[in-house]
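1. Task: produce atomic coordinates for the following.
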Amino acid sequence: MTDTTSASSFSSLPLAQALLQNLDSLGFNKMTPIQAASLPQVLEGRDVIGQASTGSGKTVAFGLGLLHALDVQKFAPQGLVLCPTRELADQVAGELRRLARSIHNIKILTLCGGGPFGAQVASLKHGAHIVVGTPGRIEEHVRKGHLNTRSMSMLVLDEADRMLDMGFQDTLTTIVSALPGRRQTLLFSATFPEQIERMAKGYMTEPVFVKVQAERQDSTIEQRFFKIEDSDRSQALRQILSAYFAESMIVFCTTKRETQEVADTLSAQGFAALALHGDLEQRERDYTLVRFANKSANVLVATDVAARGLDISALDLVVNYHLSRDPEVHVHRIGRTGRAGAQGLACSIYSDREIGKLIRIEEEMGESFFPEKVPEAPTRSLPEPSMITLQIDGGKKQKVRPGDIVGCLTGEGGIDNAQIGKINVFDFSAFVAVERQVYRRALKKIETGKLKGRRFRVRVMK
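-> All right, here's what the predicted structure looks like:
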């Protein structure tokens, strides 16, 4: 095992000059610990297991490995990246395209469930160098003969522990069995349970194990622990969220059923709360993430599995509704707040039955935590979210772009550009966040205006 927190220059690596120049233009001067520990091994062609959390820079680590080994003159799939969810696959593909800006005529294709299958088959017929996708959809393309795996020399398993949590073990085995035996395999995982160890033995050849601790030098996370009776857990959560109310808060629950029940209870208590768990359809999941990321909902109640890979940059408060059985998961949860130098707060609710979990967390983190009294909820009413999301019944397939939406909203009699928040455009719909005080004007502008020379239906998302 290599355990390191050192960082060094990308220029020390045997990368092509064009890749190094592009890294410099992107502002990537020094490697993160996971990059410094894994990239030399990756570039040597070794199989690598990397244990690192979300936000550690692992995509750049395996992305540079993929691009370094690529023969762009050979127009056939040479690298395959498997991700647990469509959101993560889209993020990875986007990062790979940024890293590959200096490579002419490279094609990176995304194949995920929830997208039109026929269009993906057509894209595959035109060829690709690197394929990024979710296990279910990749397996389907392999099984039906649409995805040629004969030229694949590198396999990347991103967030492998989450893919196992989601029940993809058999699917992964089917995919791996279709790949050439002589290949390089890279596996990245936030945790390293026994199932990952078994997976590594089955899929990899003499892998190098690299582990880095999450960097927290530039952030401050305050932890508070509240000991309660089990019957008071729901009330304690309401008081904590009310007392420490912030623009973006996430509550971690243990099961899908509990997640939905907690979200429903919070909504009934006046919180703008949404549930995120494995029973949601992909479209429901997309809409939930859009509303939370654009600040038109304050509370996201989620399971660990569903929350992995979330691209939410600023979380003010993390609440553990129950303590996690795995102390590494606890560290991963609270690490979602206090990023980029911001002050973060993590609150954990526990009862007598969870003392053993608390002890394991203390041992993992090397410090002791003491119970505090649950704060009293303020008497004031809860603030409403600062933004409201408008859903437009037109997207990429109708050639709608973010610039078209901004232009429509800011035209004569419209709203200011500063009053527009995040815009997300999907295949057949688009979402735009606007400040609450101007949403009626924004709604009318889109209802009566035109996008791409035509009118689209628009509604307020509830």
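
2. what about residue 454, neighbour count?
-> Neighbours of residue 454 under the rule other Cβ atoms under 10 Å: 9. C-beta: built from backbone N, CA, C; applies to glycine.

3. Residue 115 versus that one, what's the distance?
-> 24 Å (Cβ to Cβ, to the nearest Å).

4. Could you do residue 386 as well?
-> 32 Å.

5. do the same with residue 356
-> On the measure of Cβ to Cβ, residue 356 and residue 115 end up 44 Å apart.

6. More neighbours: the two, which one.
-> Per other Cβ under 10 Å, whichever of residue 356 and residue 115 has more neighbours is residue 115, with 18 against 10.

7. So what sits opposite residue 347 in the bridge?
-> residue 224, residue 319 (DSSP bridges).

8. low-scoring pLDDT stretches of the chain, where are they?
-> Along the chain, the model assigns pLDDT under 70 to residues 1-7, 54-55, 213-219, 306, 308-314, 339-342.

9. For the stretch 1-150 of the chain, which segments are assigned as helices?
-> 17-25, 33-43, 58-69, 86-99, 117-125, 135-143 (DSSP state H, counting those that start in this stretch).

10. Restrict the longest one to CA atoms and write it as CSV.
-> Meaning helix 86-99. Extracted in CSV, the C-alpha atoms of helix 86-99 (Å, rounded to 0.1, in the frame of the first residue of the first chain):
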residue,chain,number,x,y,z
ARG,A,86,-25.7,8.7,-15.6
GLU,A,87,-24.8,11.9,-13.7
LEU,A,88,-21.3,10.6,-12.9
ALA,A,89,-20.8,9.2,-16.4
ASP,A,90,-21.7,12.7,-17.9
GLN,A,91,-19.3,14.4,-15.5
VAL,A,92,-16.5,11.9,-16.3
ALA,A,93,-17.1,12.2,-20.1
GLY,A,94,-17.1,16.0,-19.8
GLU,A,95,-13.8,16.0,-17.9
LEU,A,96,-12.2,13.6,-20.4
ARG,A,97,-13.2,15.9,-23.3
ARG,A,98,-11.5,18.8,-21.5
LEU,A,99,-8.4,16.8,-20.9
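
11. on contacts alone, who are the packing partners of that helix?
-> Judged by 3 or more Cβ pairs under 8 Å, 6 or more residues apart in numbering; DSSP states H and E, helix 86-99 is in contact with helix 17-25, helix 58-69, strand 79-82, strand 108-111, strand 130-133, helix 282-293.

12. For residue 100, find the nearest of those.
-> helix 58-69 (5.6 Å; Cβ to Cβ).

13. Flag every buried residue along the closest one.
-> By neighbour count on 16 or more other Cβ atoms under 10 Å, the buried set for helix 58-69 is 58, 59, 60, 61, 62, 63, 64, 65, 66, 67, 68.

14. Give the full set of residues in contact with the spatially closest residue to the third one that is not a sequence neighbour.
-> What it means is residue 60. Among residues not flanking residue 60 along the chain, residue 35 sits closest, at 5.9 Å (Cβ to Cβ, 6 or more residues apart in numbering). Contacts for residue 35 (Cβ atoms under 8 Å, 6 or more residues apart in numbering) come out as 7, 57, 58, 60, 61.

15. Which member of these is positioned nearest residue 253?
-> residue 58 (26.4 Å).

16. which residues does the residue nearest to the closest one when sequence neighbours are not counted bridge with?
-> Closest residue to residue 58 apart from its sequence neighbours, by Cβ to Cβ, 6+ apart: residue 188 at 4.8 Å. When bridges are called by DSSP bridges, residue 188 pairs up with residue 50.

17. Can you verify my assumption that residue 188 contacts residue 162?
-> No. In this structure, residue 188 is not within contact of residue 162 by Cβ atoms under 8 Å, at 10.5 Å.

18. before we move on, back to that, out of the helices of the stretch 1-150 of the chain, flag the one nearest residue 77.
-> When those are compared (using Cβ to Cβ), the closest one is helix 117-125, at 8.4 Å.

19. got the angle between that closest one and helix 135-143?
-> For helix 117-125 against helix 135-143, the angle by axes from the mean of the first three to the mean of the last three Cα atoms, to 10 degrees is 60 degrees.

20. list the buried ones in helix 117-125?
-> 120, 123, 124.

21. Keeping just the C-alphas, turn that helix into CSV.
-> The C-alpha trace of helix 117-125 is given here as CSV (Å, rounded to 0.1, in the frame of the first residue of the first chain):
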residue,chain,number,x,y,z
PHE,A,117,-31.1,3.2,-27.4
GLY,A,118,-31.4,3.6,-31.1
ALA,A,119,-29.5,6.9,-31.2
GLN,A,120,-26.7,5.2,-29.2
VAL,A,121,-26.5,2.3,-31.7
ALA,A,122,-26.2,4.9,-34.5
SER,A,123,-23.4,6.7,-32.6
LEU,A,124,-21.6,3.4,-32.2
LYS,A,125,-21.7,2.7,-35.9
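
22. isn't residue 305 right next to residue 167, touching?
-> No. Between residue 305 and residue 167 there is no contact under Cβ under 8 Å: 9.9 Å.

23. More neighbours: which of the two?
-> Legend: neighbour count by other Cβ under 10 Å for residue 305 and residue 167, higher for residue 305 (19 against 12).

24. Give me the distance between the more buried one and residue 347.
-> For residue 305 relative to residue 347 (Cβ to Cβ), the value is 21 Å.

25. And for residue 279?
-> Applying Cβ to Cβ to residue 279 and residue 347 gives a distance of 26 Å.

26. Please identify which of the two sits among more neighbours.
-> residue 347 (26 against 13).

27. So what sits opposite residue 315 in the bridge?
-> residue 337.

28. neighbours around it, how many?
-> Applying other Cβ under 10 Å, we find 24 residues neighbouring residue 315.

29. Perfect, I'm done here.
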